[in-house]
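A.B. asks: Generate a structure from the sequence data that follows.
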Amino acid sequence: MNKSVLLTAVVALAASSGALAHTAWLGQDSAQPDIFHLHFGGHAGALNPYQASGLKTVDAIDAAGSALEVSRSGCADLVRLRVAGEPALVWLHYDNGIHSRVAEGPSVRRPMNEVAGAVSATNALKYHKSIVRWGSNVVAAPVGQRFELVPLSAQAPRAGQPMRLRVLID
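C.D. replies: Next comes the predicted model:
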């Protein structure tokens, strides 16, 4: 069983408070622990299609804080990442692009100046961090994401106990 804890943070820069957010996150392959898959979900908890080009960065470090090589493969609907070594943390930045909305109807993936009658727009940036191995000090140290949740303790959280986090913005 995969015991990693996923900390997901979503930043939506929206002109409208009614914007619905999606999120991007990594899932570790239980059969191949060096493999992670990119997932993209949102409305009603459903997995949604995504643009692989939206995945801007993926980084990983081991328990000593040394950078690990991450290679990407896959196709249009599956991004597969292989991490060389034993990661303690893996994190990503995903840019879902600019989506504009007219008064009635769904949003479209274009800036407001390209959508007739647009009343609002959202540039949705997603930041995610997977804690793969607890216990190392790197777990409780910031990695430099623009929006980041950092555990105050390097020890794995316990079910039923509060988990204290520091929220960092820029």
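A.B. asks: Got the phi and psi for the closest residue to R166 other than its chain neighbours?
C.D. replies: Nearest in space to R166, with sequence neighbours left out and distances taken as C-beta to C-beta, 6 or more residues apart in numbering, is V150 at 4.5 Å. Just so you know, the C-beta spots here come from the backbone N, C-alpha and C atoms, and that holds for glycine as well. Note on V150: backbone dihedrals following degrees, to the nearest 10 are phi -120, psi 120.
A.B. asks: For V150, grab the count of nearby residues.
C.D. replies: Burial of V150 is recorded as 17 neighbouring residues (other C-beta atoms under 10 Å).
A.B. asks: Identify the residues contacting it.
C.D. replies: Residues near V150 by C-beta atoms under 8 Å, 6 or more residues apart in numbering: 140-142, 165-168.
A.B. asks: Any idea which residue is closest to the centre of this protein?
C.D. replies: In the chain, the C-alpha closest to the average C-alpha coordinate belongs to H128, at a distance of 2.8 Å (C-alpha atoms, centre = their mean).
A.B. asks: Show me what the host helix or strand of that one pairs with in its sheet, parallel or antiparallel.
C.D. replies: Assigned by DSSP states H and E, H128 belongs to strand 118-131. Partners of strand 118-131 in the sheet, by DSSP bridges, are strand 5-14 (antiparallel), strand 89-102 (antiparallel).
A.B. asks: Past the shortest one, which element shows up next along the chain?
C.D. replies: What it means is strand 5-14. Following strand 5-14 toward the C-terminus (DSSP H and E): strand 23-28.
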